[in-house]
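Colleague: got a sequence here, can you model it:
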Amino acid sequence: MSPVRAMADMTRLYFQNPLNPLTHTPVGRQVAAGCEMVERLTRRYGKPEFGLPETTVSGVKVQVREEIVWSKPFCNLLHFDRKTGPQKHPDPKILVIAPMSGHYATLLRGTVETLLPKADIYITDWIDARMVPLAQGHFDLDDYVDYIIEMLHYLGPNTHVLAVCQPSVPALAAAAVMEKHGDPMSPATLTLMGGPIDTRINPTAVNELAENKPIEWFENNVIMKVPFPQPGFMRDVYPGFLQLSGFMSMNLDRHVSAHRDYFQHLVAGDGDSAEKHRDFYDEYLAVMDLTAEFYLQTVDTVFIQHALPKGTYTHRGELVDCGAIRRTALLTVEGEKDDITGRGQTKAAHDLCTSLAPEMQAHYMQPSVGHYGVFNGSRFRSEIAPRILDFIRSHMMRPEKAPPLPRGTSEIAEATRGEDTAPTAKAPAKAAGPDAGVAATTMSDPLAAILLAEPQGVADDLTAITGIGPKLQTALNGAGIFHFWQIAGLNEAQIEALDGKLDFRGRIARDGWIEQAQKLAGEPAEH
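Modeller: Predicted structure coming up:
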């Protein structure tokens, strides 16, 4: 396409020359606009720049210097050094883990720009796999976790981690590994934003594609070798243009409309609107390749096997236990209209961190935003970012000893679960303990008939029901529910009472617990 692009660019310049009489005619403007469209659609977009030369700290503009402070073959750690002079600000140190999912870290430029006035920002700048020589070795999901741990060791204690989308799983795994080994460099807080922790919950088109195809299909259809003369010649990669094609096909009508409007803006001479289009698509169309081993392991582990929520995720052969996290405070953020990561998939992280005290957990769902709006845009700047910074300030220092976990704690505090509640709000745990008779006396009367003080024989594994994780199983056991037949026999009054007490917020009906429990218990479906 290079000759086509060159010809289109030459024609565009000819019809935009002010000395050309045709430039000032409707036909000339249409030809120039059409040629610019062709040139941009056939261009190979290079890596964008962050372009953040300054920020405002405490009302004073200061210069910002972007520098590489740590480096590995597949990643550079960038530091946005704020030149505040001798006056130092006790701002939190935040490691922003950018997604390795086809786009460059500059996709989070707005995230960094918003947080920079209030925090000392570091960000992972992942390197395009086609630019890494084959001699540098491979890079998979285990290496990704290792990189996060090494960066945290470099940054030192009381570092706060913010993982956007894809890195939510390896970031949570890294925190669990570090906590399990008593690592003093484990993060003070972990913020997961729009991440696929449990893709069984409200699956999206992305999740369904991964589940409907075996891993061999991905190996045979989307893995290619880097061509000559790229530095990564012969490396197996998942090309960025395939990921971009997938993203664009999900909202194809929106992209077609945007380019039609762009053409009309060019013809009408609306330079401001045309420039906004260029700025967005210069960023959006710049993509990078991923190593084949990282991509395939991620698809298999996260989207097909659901290893983390099922408790089978391993790192370097060692089982990852999120229940080991006791000193790293956890905040999850989701978007109401997210079509990439379904609502509830990120919040599932709380169900896995069974040993984390309620006051160290918070969840926020941002109304009226999609996936991109979770980490960028006006809603992020005005509503999400202040909550993240407030949560971080509330847990500035990682406790030397984990706070005691109240007996019977089953869910994050009720006040932190509301969609419009500040993340740092506290509320007492609601679940009852497992003592005999407690369940029947703390629940509403409709439930008294099915609740048990202890299981009848061996308790069923309630996590076999989609939507119930280890933490929810603990909550149900604490309330007196141990068997599939108990869930299968719930009537409307009992569902309402259980929902109100344990704050499931409609999860029983939404995830189809009754139908699943009836099948598992061997009963015919009645609901």
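
Colleague: the residue positioned nearest the centre of the chain: what's it in contact with?
Modeller: What sits nearest the mean C-alpha location of the chain, by C-alpha atoms, centre = their mean, is residue 165, with 1.9 Å. Residue 165 is in contact with 99, 101, 193, 194, 195, 196, 340, 341, 371, 375, counting by C-beta atoms under 8 Å, 6 or more residues apart in numbering. C-beta coordinates here come from the backbone N, C-alpha and C atoms, glycine included.

Colleague: what is the nearest of these to residue 465?
Modeller: Nearest to residue 465 among the contacts of residue 165 is residue 196, at 19.9 Å by C-beta to C-beta.

Colleague: sec struct for the closest one, please.
Modeller: Of the three states, residue 196 takes coil under DSSP: H, G, I helix; E, B strand; the rest coil.

Colleague: without its sequence neighbours, what residue ends up closest to residue 77?
Modeller: residue 70 (3.8 Å; C-beta to C-beta, 6 or more residues apart in numbering).

Colleague: any idea which element the one you found lies in?
Modeller: strand 60-72 (DSSP states H and E).

Colleague: which strands and helices sit next to that strand?
Modeller: strand 54-57, strand 75-82, helix 141-155 (3 or more C-beta pairs under 8 Å, 6 or more residues apart in numbering; DSSP states H and E).

Colleague: tell me the mean pLDDT over stretch 259-276?
Modeller: For stretch 259-276, the mean pLDDT works out to 93.

Colleague: one more: stretch 298-305?
Modeller: Mean predicted lDDT for stretch 298-305 stands at 94.

Colleague: ok, and what's touching that stretch?
Modeller: Residues contacting stretch 298-305 (C-beta under 8 Å, 6+ apart): 141, 166, 169, 196, 199, 206-207, 210-211, 215, 218, 307-308, 312-313.

Colleague: give me the distance between the two termini of it.
Modeller: One end of stretch 298-305 sits 10 Å from the other (C-alpha to C-alpha, to the nearest Å).

Colleague: show me which positions of it end up buried.
Modeller: 298, 299, 300, 301, 302, 303, 304 (16 or more other C-beta atoms under 10 Å).

Colleague: just give me the closest of those to residue 350.
Modeller: Taking C-beta to C-beta as the measure, residue 302 is the one of those closest to residue 350, at 17.8 Å.

Colleague: and residue 95, its phi and psi?
Modeller: Dihedral pair for residue 95: phi -100, psi 110, per degrees, to the nearest 10.

Colleague: make sure it is actually in contact with residue 153.
Modeller: No: the pair residue 95 / residue 153 is not scored as a contact, 11.3 Å apart, by C-beta atoms under 8 Å.

Colleague: still on that earlier bit, now, the buried residues of stretch 298-305 that are in strands?
Modeller: In strands, defined here by DSSP state E, there are no members of these.

Colleague: show me those that map onto helices.
Modeller: In this view, the buried residues of stretch 298-305 that belong to helices under DSSP state H are residue 298.

Colleague: could you dump the buried residues of stretch 298-305 to TSV with distance to residue 490?
Modeller: Formatted as TSV, the buried residues of stretch 298-305 follow (distance: C-beta to C-beta, whole Å):
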residue	distance to residue 490
298	37
299	36
300	35
301	34
302	32
303	31
304	31
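
Colleague: between residue 95 and residue 153, which one's more packed in?
Modeller: residue 95 (22 against 15; other C-beta atoms under 10 Å).

Colleague: check that one and give its pLDDT.
Modeller: 98.
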